[in-house]
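> Sequence first, then the predicted structure, then my questions.
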Amino acid sequence: MTTWARWIDANVDTKKTLVFFRGYSASHFSGGRWNSGGTCDNETEPIYDEQYLQMQDYIPMLEMVEGVLKGIKTPVYYLNVTRMSDFRKDAHPSIYRKQNLTDEERRMRIQDCSHWCLPGVPDTWNEIVYTQVLMRHIQRQKEQQQKLKEEQHKTP
């Protein structure tokens, strides 16, 4: 992360570029990880009760990310999608990630519980990015209008 932050500070022209960083996206394996029998194919509903969210698992990672972002000079739009994504345990491809499973894949029942189905959760992330870009555009327009007004008041 610090290498990324140093590169951003050294190479990004903020007059031409907006920098976005998407935070950690939750996976929802039950009974193991992706390579040790973890599954998610029986999940058909999102999490409705906040008490079941696994945020404590992500706190050290989030603190590290946020610490680096606080130290960066370049403005970064931080898309903290961790909590929002954690609600959607039902939105992973699971066993449906691939149409033609090999015999070994079928036998091992390897499931994809870390990527997301489309349309779905990533579309919400995209809406957040779009909103940030639009807000920045409006902000720049207002700044330009303010400059014009100030220049008009200065000229006799």
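Perfect, thanks for sending it.

> quick one: least confident helix or strand in the chain?
helix 103-108 (a mean of 68; mean pLDDT, DSSP states H and E).

> Not counting its neighbours along the chain, what's nearest Val12?
With sequence-adjacent residues excluded and distances taken as C-beta to C-beta, 6 or more residues apart in numbering, Val12 is closest to Thr74, at 5.3 Å. Quick note: C-beta positions are derived from backbone N, CA and C, even for glycine.

> Using the three-state scheme, assign that neighbour.
Reduced to three states with DSSP: H, G, I helix; E, B strand; the rest coil, the structure at Thr74 is coil.

> try Tyr48
coil.

> dump the residue contacts of Ile110.
With contact taken as C-beta atoms under 8 Å, 6 or more residues apart in numbering, Ile110 is in contact with Trp34, Asn35.

> per-residue confidence at it?
At Ile110, the pLDDT value in this model is 70.

> ok, it to Gly32 distance?
11 Å (C-beta to C-beta, to the nearest Å).

> Quick one: mean pLDDT for the longest helix seen in the chain?
Across the chain, the longest stretch assigned as helix under DSSP state H is helix 121-154. Taken as a whole, helix 121-154 carries a mean pLDDT of 91.

> Pull out the buried positions in it.
Val121, Pro122, Trp125, Ile128 (16 or more other C-beta atoms under 10 Å).

> again, but for stretch 74-92
Quick answer for stretch 74-92 (16+ other C-beta under 10 Å): 74, 76-77, 79-82, 84-92.

> tell me which residues form a beta bridge with the residue nearest the centre of the chain?
Note on the chain: the residue nearest the mean C-alpha position is Arg22, at 3.5 Å, using C-alpha atoms, centre = their mean. In this entry, Arg22 is beta-bridged to Leu79, by DSSP bridges.
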